[in-house]
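A.B. asks: turn this into a model:
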Amino acid sequence: MNAAYRQLYIFQSLLTGHVAIKAELASRFNVTPRVIQRDFSQLRDFLTAENLDYQLTYSRHLKGYRLQGTQSAVTKQSILLLIKVLLASRSLATDEMHQTVTNLLSLTTAEDQHEIQPIIKNESFYYQPLKHQQPLLDRLWQFSQFITQKQPVTIIYQKQHREVVTRTILPEAVIFSEYYFYVVAYNAKYRSNLFYRLDRIRHYQTSSQAITRTRAERFEDGELRQLIHYMTPGKKITLRFKFWGIVEAALDRFPTAKVTVRHSDYVVIEATVFDLGAKMWLLSQGSNVEAIAPLDFVTEMKTTLAEMAARYH
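C.D. replies: Numbering: from 1, shown residues only. Below you'll find the predicted structure:
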């Protein structure tokens, strides 16, 4: 093997995150360590001459050379955070989760990977995905492309109670909430923006049907994030409730929330919300909450609580 091949091999190995150890390379190519050191020097000259955003550095800890990007890189702290959030989400099937974690690790150096892997090892080993076990990565990307291209799509969709329906929709956003990815799409038949769980879309194909919306019917995903909970739509209301629990938890749940009154043992919170999702959260708080406005919402809460109590008789 000539010097050019040897240097290309070293460069390719470094580019893929491997550590180049002088003695190992000398043995592999049956040359002296001094020859390999000269290869390193020529590689440095090449990086400088071509203004490449890499620097060849020696790691005492790894006892070898590695390439480091000179541009801003993703830090090991950021990679760890992303992996932790991803594992906690339980959103991907096992194979896709492990592949995504591997891909994220590849964005950082081998040394950083050795630091991160023991931290995530146990959580990754015991990873428990959701029951649907549907592959989502390609589907997520494809629907994102439909959104960018404003492309109508015909889907075969399995509803909550296993009923299968066919719908032609205009995808407008992909949102993650409470373990699931949702496609928010305009449905011309119902003249409304509806929510479709990505894992329940059994088949999809592009449609030639033209779908138009009025300005009022257009979807604003930023506003939706502030108003909707558990991906459950409904009527927009100004909710007021007394709260005896951890105030921060309530304020985090409702981004538009503010404390309007403080008492010694409870606060009054006001928030603009969609009523159905808000009702679900309030019910989950048990005796720590009391809805006080609007009146029709309070009446609905009382009715639901009475029905709940009746089940225990």
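
A.B. asks: would you map out the domains in the chain?
C.D. replies: 3-69, 76-125, 137-219, 236-310 (automatic domain parsing).

A.B. asks: make TSV out of those and add mean pLDDT and mean neighbour count.
C.D. replies: Backbone N, C-alpha and C define where each C-beta goes, glycine included. Below are the domains of the chain laid out as TSV (pLDDT from 0 to 100; neighbours: other Cβ atoms under 10 Å):
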stretch	mean pLDDT	mean neighbour count
domain 3-69	84	14
domain 76-125	91	15
domain 137-219	90	15
domain 236-310	93	15
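
A.B. asks: how about these in a markdown table, adding distance to Lys131?
C.D. replies: Compiled in a markdown table, the domains of the chain are given as follows (distance: least, Cβ to Cβ, whole Å):
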| stretch | distance to Lys131 |
| --- | --- |
| domain 3-69 | 35 |
| domain 76-125 | 10 |
| domain 137-219 | 10 |
| domain 236-310 | 20 |
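
A.B. asks: ok, the residue nearest to Ile175 when sequence neighbours are not counted - contacts?
C.D. replies: Distance criterion Cβ to Cβ, 6 or more residues apart in numbering; nearest residue to Ile175, sequence neighbours excluded, is Tyr182 at 5.1 Å. By Cβ atoms under 8 Å, 6 or more residues apart in numbering, the contact set of Tyr182 is Val174, Ile175, Phe176, Phe195, Tyr196, Arg197, Leu198, Met231.

A.B. asks: try 10 Å this time
C.D. replies: Ala173, Val174, Ile175, Phe176, Leu194, Phe195, Tyr196, Arg197, Leu198, Asp199, Arg200, Met231 (Cβ atoms under 10 Å, 6 or more residues apart in numbering).

A.B. asks: just these now: which is nearest Val247?
C.D. replies: For the contacts of Tyr182, the residue nearest Val247 by Cβ to Cβ is Met231; the value is 24.7 Å.

A.B. asks: quick check: which element contains Thr166?
C.D. replies: strand 164-177 (DSSP states H and E).

A.B. asks: elements contacting that strand?
C.D. replies: The helices and strands touching strand 164-177, judged by 3 or more Cβ pairs under 10 Å, 6 or more residues apart in numbering; DSSP states H and E, are helix 137-149, strand 153-158, strand 180-187, strand 192-197, strand 201-206, helix 221-227.

A.B. asks: of all those, which one is nearest Ile21?
C.D. replies: helix 137-149 (35.1 Å).

A.B. asks: angle of that closest one against strand 153-158?
C.D. replies: If you take axes from the mean of the first three to the mean of the last three Cα atoms, to 10 degrees, helix 137-149 sits at 140 degrees to strand 153-158.

A.B. asks: so what's the residue lying closest to Gln145 once chain neighbours are set aside up against?
C.D. replies: Nearest residue to Gln145, sequence neighbours excluded (Cβ to Cβ, 6+ apart): Gln151, at 7.7 Å. Counting by Cβ under 10 Å, 6+ apart, Gln151 makes contact with Gln142, Phe143, Gln145, Leu170, Pro171, Thr206, Ser207, Ile211.

A.B. asks: and Thr272, how far from Ala173?
C.D. replies: Separation of Thr272 from Ala173 (Cβ to Cβ, to the nearest Å): 20 Å.

A.B. asks: what helices and strands are in contact with the strand or helix carrying Leu8?
C.D. replies: Using DSSP H and E, Leu8 sits in helix 3-15. Applying 3+ Cβ pairs under 10 Å, 6+ apart, one finds that helix 3-15 makes contact with helix 22-29, helix 33-49, strand 54-59, strand 64-69.
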